[in-house]
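Colleague: What shape does this take:
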Amino acid sequence: STRRGRPSDMSGLVRWAARPDVVEILAMIQELAEYERAPEQVVATPAMIEDLLFGGSTTPSGQPQAYCFVVHAGACESDPLAGFAFWCLNVSTWRGTHGIYLEDLYVRPQHRGKGYGKQLLDRLVLECDTKHYERLQWSVLTWNTPAIEFYRRIGAKSLDEWMLFRMERHPPVPAPASSTTPTSEAQPQ
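Modeller: Purely as a prediction, here's the structure:
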């Protein structure tokens, strides 16, 4: 049988990411950046992704700070990876509990329309249910109409009353050299 013209028997194996997946996860992150028109912004290395997912010198207390599910294009681990969901915990102070923030959801173009993205989201919902997390949330680019339509179709609601803000670390800008500025000026403390 079919649902919306798609085969209903398509299912991929969804599992936790493992260390051997890191290089392919990073390749999919780069593919996603290409799609989002920002390939030059990917500076992550396999070691950085491994630290995030499995803990290491760059994470607080050496503990993992992010998590990832991968989906195979078939029911076996020997089938190629079709996509991934990279996520971390957030909190709701009002509800006094965690939630999941989905950083990246990506399905490779040749595997789209087969239900793999929905399977990854279903696995995240199961994680929320199992751990009693209150919500699953994510951001989407305003021009990414296919993703927005997909999210609406599965019942996700946009939070139009909220604006996204960001502060990024940039290399420090050297102060201009000036011999006319007295060194005794008051400085912010």
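Colleague: In which helix or strand does residue 121 reside?
Modeller: Following DSSP states H and E, one finds residue 121 within helix 116-131.
Colleague: What helices and strands are in contact with that helix?
Modeller: Judged by 3 or more CB pairs under 8 Å, 6 or more residues apart in numbering; DSSP states H and E, helix 116-131 is in contact with strand 14-16, strand 67-72, strand 81-92, strand 97-107, strand 136-138. Every C-beta, even on glycine, is put in place using the N, C-alpha and C of the backbone.
Colleague: Next, format these as a markdown table and append mean neighbour count, distance to residue 123 and mean pLDDT.
Modeller: Converted to a markdown table, the helices and strands packed on helix 116-131 look like this (neighbours: other CB atoms under 10 Å; distance: least, CB to CB, whole Å; pLDDT from 0 to 100):
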| stretch | mean neighbour count | distance to residue 123 | mean pLDDT |
| --- | --- | --- | --- |
| strand 14-16 | 15 | 5 | 98 |
| strand 67-72 | 22 | 5 | 98 |
| strand 81-92 | 20 | 7 | 97 |
| strand 97-107 | 19 | 11 | 97 |
| strand 136-138 | 16 | 11 | 97 |
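Colleague: Quick one, which of those gets closest to residue 33.
Modeller: If you check each of the helices and strands packed on helix 116-131 against residue 33 by CB to CB, strand 97-107 wins as the nearest, at 9.5 Å.
Colleague: Check which strands are paired with the closest one and give the direction for each one.
Modeller: Sheet partners assigned to strand 97-107 using DSSP bridges are listed as strand 81-92 (antiparallel), strand 136-138 (parallel).
Colleague: So what touches it?
Modeller: Contacting residues not belonging to strand 97-107 are listed as 28-29, 31-32, 66, 71, 82-92, 116-117, 120-121, 124, 127-128, 131-138 [CB atoms under 8 Å, 6 or more residues apart in numbering].
Colleague: circling back to that earlier point, let's have the helices and strands packed on helix 116-131 in a markdown table, adding distance to residue 161.
Modeller: Conversion of those to a markdown table gives the following (distance: least, CB to CB, whole Å):
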| stretch | distance to residue 161 |
| --- | --- |
| strand 14-16 | 33 |
| strand 67-72 | 28 |
| strand 81-92 | 16 |
| strand 97-107 | 18 |
| strand 136-138 | 14 |
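Colleague: wait, which of the ones you listed is closest to residue 60?
Modeller: Comparing these by their distance to residue 60 (CB to CB), the top pick is strand 81-92, with 12.2 Å.
Colleague: Contacts for that closest one, please.
Modeller: So strand 81-92 is in contact with 12, 17, 21, 24-25, 28-29, 65-73, 97-108, 111, 114, 116-117, 120-121, 123-124, 133-135, 137, going by CB under 8 Å, 6+ apart.
Colleague: related to what we said a few turns ago, out of the strands paired with strand 97-107, nearest to residue 147?
Modeller: Put simply, out of those the one that sits nearest residue 147 is strand 136-138, at 9.6 Å, with distance taken as CB to CB.
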